[in-house]
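# pasted the sequence and its predicted model underneath.
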Amino acid sequence: WSWDNCFNAMALVRHNPKLAWDQFMIFFDRQDESGLIPDFVNDKYELWNCNKPPIHGWTLAWMMRRTDFIKETQLREVYGPLSKWTEWWFTHRDQDGDGIPQYNHGNDSGWDNSTAFNNGIPVESPDLAAYLIIQMETLAEIAGLLGLTEESSQWRQRADDTLERLIRHFWKDGRFTACRSGTHEVSEGDSLLLFVPILLGRRLPEFIRTALLEGLRDENRFLTSNGWATESVSSPYYKPDGYWRGPIWAPSTMLLVEGVAAAGDNELATEIAERYCRMVSLSGMAENFDALTGAGLRDRAFTWTSSVFLILGHEYTL
């Protein structure tokens, strides 16, 4: 899957950076002319009817801060494919032309059945805009390192413009929302997906950071003894084994722990990392977990679960 590989690369980068780089780049080897990368690949075929979210710029920036393996050769290798992948979203996933790319299917977000998609598709969601802002900032950094000064400035300006658009478009009545593309009808439910923009950290205005952190500390919504549920435990849509409507997952935990730290709350980030690692130590490397009991659910041996366990253990609990 074309975001699972990112978390696996992150887990590898400290001790085997070459393997981590190959893991990160594998989907760009299969990129098509439009810039799209497949949903998954295996030794027999690849799937193109859906895709996964563009967390690749965020992943690359995270890896660059932790290894000196990624040098000019690697930056030149990734700059073109990452640029095309970014442009694909703005060119092929902005049906209403408002500058806010959309998901055409829940699977495209990685949060397949999130309540953000309750009112139908396509959906404009703030997590996607946040990923693309970070991706464009990463491209700006790479372009600068490669001496592409004008391109660096252009990426930086586009990131700034998209951030302004994200806040104006999605921040309503003290919270981020998701909506139908075109009609902009707000989706029902209370999904953790809408907190992913906290990855932007101090780029967000203080009042937004404060509101997001308050929501993530609320034990009547997402915070449980095992970490963050993917749907508020008080939501009428919450299901203990509801896939992305309640259970704890590795990727959501990893993204939001890093986001909370970026927003300045290292105490909460560390606490969630410890809760996740403790839960996984007891329940094994399942695909997802009952948010209230910590019991493993679904696929009982999942790679990104173990990868995030290793990352959070190293970054926050050692």
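Looks like it arrived, so ask away.
# contacts for stretch 81-90 next, please.
Stretch 81-90 is contacted from outside by 28, 31, 34-37, 54, 56-57, 60, 99, 101, 128, 132, 135-136, 138-139, 142, using C-beta atoms under 8 Å, 6 or more residues apart in numbering. (C-beta placed from N, C-alpha, C; glycine too.)
# which among those count as buried?
Burial by neighbour count, 16 or more other C-beta atoms under 10 Å: within these this picks out 28, 31, 35-37, 54, 56-57, 60, 101, 128, 132, 135-136, 138-139, 142.
# this protein: strands as residue ranges?
Along the chain, the segments classed as strands by DSSP state E run 40-41, 46-47, 123-124, 171-172, 175-176, 179-180, 223-224, 227-228, 248-249, 288-289, 296-297.
# so which of these is the most packed in?
Burial of these is given as mean neighbour count (mean count of other C-beta atoms under 10 Å); strand 248-249 ranks first at a mean of 29.
# what about that one, distance to the chain center?
13 Å (C-alpha atoms, centre = their mean, to the nearest Å).
# then stretch 158-175?
Between the centre of stretch 158-175 and the centre of its chain there are 17 Å (C-alpha atoms, centre = their mean).
# return the set of buried residues in that stretch.
Result for stretch 158-175 [16+ other C-beta under 10 Å]: buried residues 158-159, 162-163, 166-167, 169-171.
# equivalent analysis for stretch 272-282, please.
Residues of stretch 272-282 classed as buried by neighbour count (16+ other C-beta under 10 Å): 272-273, 275-277, 279-280.
# can you tell me what sits against it?
The list of residues contacting stretch 272-282 from outside it, by C-beta under 8 Å, 6+ apart, reads 225-228, 248, 250, 253, 256-257, 260, 289, 294, 305-306, 308-309, 312-313, 315-317.
# what mean pLDDT does it have?
When pLDDT is averaged over stretch 272-282, the result is 98.
# check stretch 235-247 too.
Mean predicted confidence for stretch 235-247 is 98.
# end to end, how far does that stretch reach?
Its start and end residues considered, stretch 235-247 measures 13 Å (C-alpha to C-alpha, to the nearest Å).
# of the contacts of stretch 81-90, which belong to helices?
Among the contacts of stretch 81-90, the members found in helices (DSSP state H) are 56-57, 60, 128, 132, 135-136, 138-139, 142.
# would you mind putting those into a markdown table with distance to A116 alongside?
Formatted as a markdown table, these follow (distance: C-beta to C-beta, whole Å):
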| residue | distance to A116 |
| --- | --- |
| H56 | 21 |
| G57 | 21 |
| L60 | 26 |
| L128 | 10 |
| L132 | 17 |
| Q135 | 20 |
| M136 | 22 |
| T138 | 25 |
| L139 | 26 |
| I142 | 30 |
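# out of the residues you listed, who's nearest Y238?
Closest approach to Y238 among the ones in helices among the contacts of stretch 81-90 (C-beta to C-beta): L128, at 23.3 Å.
# V233 and N220 touch, don't they?
Yes. Shown here, V233 and N220 form a contact pair, counting by C-beta atoms under 8 Å, at 7.3 Å.
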